[in-house]
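>>> how does the following fold in three dimensions:
(4 chains)
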2 protein chains.
Amino acid sequence: MGIADDAVEVRARGWRTLAALHGLIESTLERRLGEAVGLSVVEYTVLDALDRQDGWHMRMQQLAGATALSASATTRLVTRLEDRGLLTRVLCADDRRGIYTELTPAGRELYERARPIHDETLERVLGEAAARPELAPLVDALHVVAPSEAALA
Amino acid sequence: MGIADDAVEVRARGWRTLAALHGLIESTLERRLGEAVGLSVVEYTVLDALDRQDGWHMRMQQLAGATALSASATTRLVTRLEDRGLLTRVLCADDRRGIYTELTPAGRELYERARPIHDETLERVLGEAAARPELAPLVDALHVVAPSEAALA
DNA sequence: GACATATCGTTGCACACGCAAATAGTCCGC
DNA sequence: GCGGACTATTTGCGTGTGCAACGATATGTC
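Numbering: from 1, shown residues only, chains lettered A, B, ... in the order given. Take a look at the predicted model:
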């Protein structure tokens, strides 16, 4: 077994670890957000993405990108949230194929309520993951993805 | 905004990055494995986990853990693969509630055919991800999860 | 030995997803 | 300004998923 074979195995192991950590975080968030505010993880992701645009619109396709969802799933997801009064569809004038979505006051209010729960849960589950030897290295590595703002503090 | 607030934001950003990378890898593997050998990612994961046990059994629950799937989804997943003749259910004598699964020769053969495709695709998609600035740091960090064998080479 | 309790796997059900086809709008060459 | 290629979003359809309820076995208590 040479160096190339080892590289293959390292990648495979890294991917399994990534998938395991992702599954753990997502299922925990799913449970917690569901029971606390009646939101799924993707639904929270949409609200979070829209809020981070701060009053700005977002196209369906951007939303699909942010959620890693197909176009059709995004359509239905937005429809669900619209039916609950959390966001609205806005036709945009310059490109009339495109549809913008923005948060309603109710949507913003629910997001403000959901965010602390999301953040606490994320902190807790990352702590649990750090206690598992096979996940710990990857948990530690998550810090490196956002060096900029932390360095400015 | 203090240090604690930054920690929250760093975790949230890390989680978004993790989810984005996971989504990219999974959807790419899904497409490629589907068209090449007719396997989904979870199905490949089952074959891979069973093969890595090398002739050994695996309980349903271990399989559920390895795939990050619910018990019911695991039941149906195993049923699908059993119907295709890729694995068999084996009742175990010592605990008659438990059910072991093991690969059939056909299952092992298909796995051998799928593995190089899986490995190539993983290499390619990790390369693509490394080219995206927001994903690159996490891709680099994946190496750290498997220090042992690489160091022994 | 019998009952309560817990664990393992399976099934009914509702629902979210991806793919492919359909619809509506834009852009470009001419 | 007209036809064709392209893009953005939506709908039909089949399928995989989680949750809750169930049957079967194991374990502990009296």
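>>> what about stretch A:99-110, how long is it end to end?
This stretch, stretch A:99-110, spans 23 Å end to end (Cα to Cα, to the nearest Å).
>>> before we move on, what about stretch A:125-138?
Distance across stretch A:125-138, first residue to last, is 13 Å (Cα to Cα).
>>> any part of that stretch near chain B?
Yes: Stretch A:125-138 comes into contact with chain B (Cβ under 8 Å from any Cβ of the partner chain), by way of A:Leu126, A:Glu134, A:Pro137, A:Leu138. To be clear about C-beta, it is placed using only N, CA and C from the backbone, and glycine gets the same treatment.
>>> give me the buried subset of those.
A:Leu126, A:Pro137, A:Leu138 (16 or more other Cβ atoms under 10 Å in any protein chain shown).
>>> I'd say the second one and B:Val144 touch.
This means A:Pro137. Yes: at 4.7 Å, A:Pro137 and B:Val144 qualify as touching, with contact defined as Cβ atoms under 8 Å.
>>> and the furthest pair within the residues of stretch A:125-138 next to chain B?
Farthest pair in those (Cβ to Cβ) is A:Leu126 and A:Glu134. Separation: 14.6 Å.
>>> where does chain A have low pLDDT?
For chain A, applying pLDDT under 70 flags the ranges A:1, A:55, A:146-153.
>>> in it, where's the longest helix?
helix A:3-37 (DSSP state H).
>>> quick check: buried residues in that helix?
So for helix A:3-37, counting by 16+ other Cβ under 10 Å, buried means A:6, A:8, A:10-22, A:24-26, A:28-30, A:32-33, A:37.
>>> ends of stretch A:64-78, how far apart?
In terms of Cα to Cα, the two terminal residues of stretch A:64-78 are separated by 10 Å.
>>> stretch A:118-133: how far from the chain's middle?
Put simply, stretch A:118-133 sits 16 Å off its chain's centre (Cα atoms, centre = their mean, to the nearest Å).
>>> contacts for that stretch, please.
Residues external to stretch A:118-133 that are found in contact with it (Cβ atoms under 8 Å, 6 or more residues apart in numbering or on different chains): A:21, A:24-25, A:28-29, A:32-33, A:44, A:48, A:135-136, A:139-140, A:142, B:8, B:11-12, B:15.
>>> now do stretch A:48-58
So stretch A:48-58 is contacted by A:62-63, A:66-67, A:87, A:90, A:92, A:100-103, A:107-108, A:111, A:115, A:118 (Cβ under 8 Å, 6+ apart).
>>> just the helices from chain A, written as ranges.
Using DSSP H, the helices of chain A run over residues A:3-37, A:41-52, A:60-67, A:71-83, A:105-130, A:136-141, A:147-152.
>>> out of those, which comes closest to B:Ala71?
Nearest of these (Cβ to Cβ): helix A:3-37, 13.0 Å.
>>> what about the closest one, near DNA strand C?
No: Helix A:3-37 stays out of contact with DNA strand C when judged by Cβ under 7 Å from any atom of the strand, the minimum separation being 10.5 Å.
>>> please apply the same query to stretch A:86-104.
Yes: counting by Cβ under 7 Å from any atom of the strand, DNA strand C is contacted by stretch A:86-104 at A:Asp95, A:Arg96, A:Arg97.
>>> how many other residues sit next to the last one?
Each residue near A:Arg97 was counted by other Cβ atoms under 10 Å in any protein chain shown, and the total is 7.
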